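*Asks:* Fold the stuff below for me.
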Amino acid sequence: MLAELLFTAGDLARMRFAVAPMWEIGPSLRLLRSGLPHAVHGPWVEQVRPRLSALGPAYGLLAELVPPTGYVPDFVNPAPAGPAPTLAEELAAIRATPAGQVRRDLDRLAAERGALGPRLRALHADPGAGLARLTEAIEAYWELALAPYWARIRAVLDADVLHRARQAAEHGAARVLNDLHAELRWAEDTLRLSHRSRPMSRRATGPGLLLIPSAFTGPGLYTLFAPPGPPQLAYPARGIGGLWTTEAAPASGTAALAAVLGRSRALLLAELAAPASTTELARRTGLSPSAVSQYLTALRDAGLVSAHRAGRWVLYARTATAEALLNRS
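*Replies:* Numbering: from 1, shown residues only. Model prediction:
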């Protein structure tokens, strides 16, 4: 099926990009739940999937909300107000969803799936309390699965937006839209999207167009039409293929940093090419757990390491500042 969305000059003027954490939540959870290997995200899946049990009941709620395929309730992806909302801002927007919209979205989900699970029935009965539980579950999943990797993911997403912005400046908006995805075509003030099961209508949405690069949407496109916000279109970001290929820092880079940070701290930064716990780092480096903990605290205070609680684990990850230092060394 071919769906078409008409544009006025005003709609085109309101077209913008945003990097939105919530657009990584649902697709990444679907990937983890699939149980299948993945050509691109395999290293991430291998690290994160064993930790899912730490979510406890929160995982059950998210599993009901995000089915393996098909519709996800619109209120889960509020239109970003700015170019790069924080997860906290998006969760606040979810908690502010009117009860009527929550129930309408859940009714649609029930119609497509046949019935709601017990946790979603509770959300339907009491949206206020249910949304508080849901955002707590989303935050727990974020800390476990995405926050330790966000600096790396965000760098890819930001690079995509910068590329599209330059493309728009040099060639115009039409080139940007025609280059986003093979299923998307722009011509004669109309955006055409193939292989979409539902129509697109300006009467059913707000003005403009919100383009959202994503690391986890896969080869396809995700669309969301929820008035009064603009249509949202999440597409695979450029550079995803190299997202998990970064290895530990080379010996020369570690040696250069060791002169400033000390050998042990530089070694720990090099080992954090993938997020790890204190115990894992102690085993890999030969340092004692107490020494690793002390060094990680110093690196965290310096803004080079971030800590993320995942159930009984605390995972440490390099920050964007640390990545820049290692790449320069």
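*Asks:* ranges for the strands of this protein?
*Replies:* For the chain, strands defined by DSSP state E occupy the ranges 2-6, 16-17, 184-187, 190-194, 210-214, 222-224, 232-236, 305-310, 313-318.
*Asks:* Reformat those as a markdown table; add mean neighbour count and mean pLDDT.
*Replies:* All C-beta spots, glycine's among them, are computed from the backbone N, C-alpha and C. As requested, the strands of the chain are exported to a markdown table (neighbours: other C-beta atoms under 10 Å; pLDDT from 0 to 100):
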| stretch | mean neighbour count | mean pLDDT |
| --- | --- | --- |
| strand 2-6 | 15 | 81 |
| strand 16-17 | 18 | 94 |
| strand 184-187 | 16 | 90 |
| strand 190-194 | 16 | 87 |
| strand 210-214 | 23 | 96 |
| strand 222-224 | 18 | 89 |
| strand 232-236 | 23 | 94 |
| strand 305-310 | 19 | 83 |
| strand 313-318 | 22 | 84 |
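*Asks:* Between those strands, which one is closest to residue 35.
*Replies:* Distance to residue 35, taken as C-beta to C-beta, is lowest for strand 305-310 among the strands of the chain, at 19.8 Å.
*Asks:* what sits up against the closest one?
*Replies:* 51, 54, 143-144, 147-148, 151, 268-269, 272, 275, 296, 299-300, 314-319, 322 (C-beta atoms under 8 Å, 6 or more residues apart in numbering).
*Asks:* What is the neighbour count of residue 14?
*Replies:* 15 (other C-beta atoms under 10 Å).
*Asks:* circling back: closest to residue 24 out of the strands of the chain?
*Replies:* Across the strands of the chain, closest to residue 24 is strand 210-214 (C-beta to C-beta), at 6.2 Å.
*Asks:* which residues sit against the closest one?
*Replies:* By C-beta under 8 Å, 6+ apart, strand 210-214 touches 15-20, 23-24, 27, 79-80, 156-157, 160-161, 164, 180, 222, 229-238.
*Asks:* Show the pLDDT at residue 278.
*Replies:* On pLDDT, residue 278 comes in at 89.
*Asks:* any idea what sits nearest residue 87, other than its immediate chain neighbours?
*Replies:* Sequence neighbours aside, residue 21 is the residue nearest to residue 87 in space, at 4.4 Å (criterion: C-beta to C-beta, 6 or more residues apart in numbering).
*Asks:* For the stretch 51-200 of the chain, which segments are assigned as helices?
*Replies:* With DSSP state H, counting those that start in this stretch as the criterion, the stretch 51-200 of the chain has helices at 57-65, 87-95, 99-113, 118-125, 127-141, 150-171, 173-180.
*Asks:* Distance from the chain centre to the first one, please.
*Replies:* Put plainly, it is helix 57-65. 17 Å (C-alpha atoms, centre = their mean, to the nearest Å).
*Asks:* Could you export it as PDB, CA atoms only?
*Replies:* C-alpha atoms of helix 57-65 as PDB (Å, rounded to 0.1, in the frame of the first residue of the first chain):
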ATOM      1  CA  PRO A  57       7.900  -7.200  37.300                       C
ATOM      2  CA  ALA A  58       8.900  -4.100  35.200                       C
ATOM      3  CA  TYR A  59       9.900  -6.400  32.400                       C
ATOM      4  CA  GLY A  60       6.400  -8.000  32.300                       C
ATOM      5  CA  LEU A  61       4.800  -4.600  32.000                       C
ATOM      6  CA  LEU A  62       7.000  -3.500  29.200                       C
ATOM      7  CA  ALA A  63       6.600  -6.800  27.400                       C
ATOM      8  CA  GLU A  64       2.800  -6.300  27.400                       C
ATOM      9  CA  LEU A  65       3.200  -2.700  26.200                       C
END
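*Asks:* and that helix, what does it pack onto?
*Replies:* Applying 3 or more C-beta pairs under 8 Å, 6 or more residues apart in numbering; DSSP states H and E, we find helix 57-65 packed against helix 22-34, helix 118-125, helix 127-141.
*Asks:* try the fifth one
*Replies:* With contacts taken as 3+ C-beta pairs under 8 Å, 6+ apart, helix 127-141 sits against helix 22-34, helix 57-65, helix 87-95, helix 99-113, helix 118-125.
*Asks:* Rebuild the ones you listed as JSON lines, extending it with distance to residue 41 and mean neighbour count.
*Replies:* Output for the helices and strands packed on helix 127-141, formatted as JSON lines (distance: least, C-beta to C-beta, whole Å; neighbours: other C-beta atoms under 10 Å):
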{"stretch": "helix 22-34", "distance to residue 41": "6", "mean neighbour count": "21"}
{"stretch": "helix 57-65", "distance to residue 41": "18", "mean neighbour count": "19"}
{"stretch": "helix 87-95", "distance to residue 41": "20", "mean neighbour count": "17"}
{"stretch": "helix 99-113", "distance to residue 41": "26", "mean neighbour count": "15"}
{"stretch": "helix 118-125", "distance to residue 41": "27", "mean neighbour count": "16"}
